[in-house]
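Trainee: quick check, what structure comes out for this input:
(one chain, ligands or ions: 1)
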Amino acid sequence: MDFFVHQQQKLMAENVPVSQIAADYGTPCYIYSRATIERHWRAFDDAVGDHPHLICYAVKANSNIGVLSVLAKLGSGFDIVSGGELARVLEAGGDPAKVVFSGVGKTEHEIAYALEQGIKCFNVESPSELKRINKVAGEVGKQAPISLRVNPDVDAKTHPYISTGLKANKFGIEREQAVDVYSQAAQMPHLKIVGMDCHIGSQLTEVGPFVDALDRLLELVDELAARGIEIEHLDVGGGLGVTYKDEQPPQPDAYVKAIVDRMQQRRHLPLIFEPGRAIMANAGILVSKVEFLKQGAEKNFALIDAAMNDLIRPALYSAWMDIVEVDRGLQRTSYTYDVVGPVCETGDFLGKDRQLAIDEGDLIAVRSAGAYGFTMASNYNSRCRPAEILVDGEQCHLVREREKLKDLWKGEHKVP
Ligand code: LLP
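Mentor: As a prediction, the model looks like this:
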């Protein structure tokens, strides 16, 4: 459930008309709802009940520091994949002791930075990375807390680009090798084994693959215990899907309960969850203005002022995202449109064959755009990235200014 609903035909962001925000801040713009973010985060946290746990929001879904500050105030942990994401978390007031560091290519610099800040755990994805962390930890005189990301080899049944738990994927350490790699880690003087981790993919719509992955991890935990290696926490990753169209993913509480139930025999083993999309997707919309309506030979086009550089999911994954009129009270005739942007690519569309009652100058909103929206935006075609506004009840906070032309070449230099 989110707080973007039509009231008397007008789309509202919590208690503020979206058209008002567009008038105040311009278009295109991303709008986030604080109440929705908090509700979704709490849905996870509450569902775990008294099982020891930490919800580590996956920063890559939306890394705006306004958003991160809302989560930090709730006491959230954070799953990061770069030094940049760690810097954002710290800037937003996040607690480094609640940060887990995932990702296949951590640099020496990033490792040293994370060690200095005192993060909770490195989720290690290869034997080479293990050696590198051990080396850097020795150099900075610290003991690095580590967890191995085990590839459980389960089919997440999601888009191939966002499926990560199969043998064919670059992520994690093979299940068959895990015991061996843990034994190597146990020998390294500057490492401390604290956990086990997995992440099997994103936009999952069934609980089954999560539970299968957990079962495989638990077998390994036992095997390690038999060899004297104790695991202190289990990180089950992120990946819970959301409804963009007609998907029916389990609600966060059902998903969390399925996981916690599986831990019956291990009530003492703390759980870490890394949700990104399930917290942020439906907590944000992208608002855009219809510049032109154009009738092609075979199709009608709605040319809008947002484009693939602002929201790349439709172009990159053929993702279907709902597009709605912001004001439904206008007297408009409904036609079928391809909703496209001004970027010079045929792949520049936000939706195809959409029934919309719009005219030039009207506003539309792309729903469920709070996750993997702005974070994947670029300046392609030298377009300034949009403003981001976080709504809290009646209040609007500009959490990122619209980029200005000068920002486009910031750090670039002419040659004499
Ligand atoms: N943990 C790790 C290690 C991850 O790699 C990811 C996402 C997450 C947690 C959070 O997953 P979530 O709960 O958001 O599904 N850009 C794609 C999604 C890529 C996800 C990558 N990893 C999209 O727009 O669909």
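Trainee: dump the C-alpha coordinates for the strand ranked longest in the chain into CSV.
Mentor: Among the elements of the chain assigned as strand by DSSP state E, the one spanning the most residues is strand 284-295. Output of strand 284-295 as CSV, limited to C-alpha atoms (Å, rounded to 0.1, in the frame of the first residue of the first chain):
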residue,chain,number,x,y,z
GLY,A,284,8.0,7.0,-5.4
ILE,A,285,6.6,8.3,-8.7
LEU,A,286,8.1,10.1,-11.6
VAL,A,287,6.0,13.0,-12.8
SER,A,288,6.3,14.3,-16.3
LYS,A,289,4.6,16.8,-18.6
VAL,A,290,3.2,15.9,-22.0
GLU,A,291,5.0,18.1,-24.5
PHE,A,292,3.4,16.9,-27.7
LEU,A,293,0.9,14.4,-29.0
LYS,A,294,1.9,13.1,-32.3
GLN,A,295,0.0,10.8,-34.7
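Trainee: which residues does V16 bridge with?
Mentor: A13 (DSSP bridges).
Trainee: give me the neighbour count for it.
Mentor: By the measure other C-beta atoms under 10 Å, the count of residues near V16 is 19. Glycine gets a C-beta too; all of them are placed from N, C-alpha and C.
Trainee: for it, give me its contacts.
Mentor: With contact set as C-beta atoms under 8 Å, 6 or more residues apart in numbering, V16 has these partners: 391, 394-396.
Trainee: now with 7 Å, please.
Mentor: 391, 394, 396 (C-beta atoms under 7 Å, 6 or more residues apart in numbering).
Trainee: try L240
Mentor: Contacts of L240 (C-beta under 7 Å, 6+ apart): 204, 249, 252, 255, 275, 278.
Trainee: circling back: make TSV out of the contacts of V16 and add distance to S382, neighbour count and secondary structure.
Mentor: Output for the contacts of V16, formatted as TSV (distance: C-beta to C-beta, whole Å; neighbours: other C-beta atoms under 10 Å; DSSP: H, G, I helix; E, B strand; the rest coil):
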residue	distance to S382	neighbour count	secondary structure
V391	29	23	strand
E394	36	8	coil
C396	28	18	strand
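Trainee: give me the phi and psi angles of the nearest residue to R328 once chain neighbours are set aside.
Mentor: With C-beta to C-beta, 6 or more residues apart in numbering as the criterion, R328 has its nearest non-adjacent residue at 4.1 Å, and that residue is Q9. Dihedral angles phi and psi of Q9 (degrees, to the nearest 10) take the values phi 70, psi 0.
Trainee: what sits against Q9?
Mentor: Taking C-beta under 7 Å, 6+ apart, one finds 327-329 in contact with Q9.
Trainee: roughly how far does it sit from N134?
Mentor: Distance of Q9 to N134, computed by C-beta to C-beta, to the nearest Å: 61 Å.
Trainee: tell me how far G138 lies from the ligand.
Mentor: With distances defined as C-beta to the nearest ligand atom, to the nearest Å, the gap from G138 to the ligand amounts to 26 Å.
Trainee: point to the residue nearest the middle of the protein.
Mentor: Nearest to the geometric centre of the chain sits A61, at 2.0 Å (C-alpha atoms, centre = their mean).
Trainee: what sits closest to that one if chain neighbours are left out?
Mentor: Using C-beta to C-beta, 6+ apart, the nearest residue to A61 is G276, at 3.1 Å.
Trainee: tally of neighbours for that neighbour?
Mentor: When neighbours are counted by other C-beta under 10 Å, G276 registers 23.
Trainee: repeat for M376
Mentor: M376 has 16 neighbours, counted by other C-beta under 10 Å.
Trainee: setting aside sequence neighbours, what's the nearest residue to it?
Mentor: Computed as C-beta to C-beta, 6+ apart, the closest residue to M376 that is not its neighbour in sequence is I312, at 5.0 Å.
Trainee: look up how far G276 lies from the one you found.
Mentor: I312 sits 16 Å away from G276, taking C-beta to C-beta as the criterion.
Trainee: what parts of the protein come near the ligand?
Mentor: Counting by C-beta under 6 Å from any ligand atom, the residues of the chain lying close to the ligand are 58, 61, 79, 102, 162, 199, 202-203, 237-240, 274-278, 313, 317, 372.
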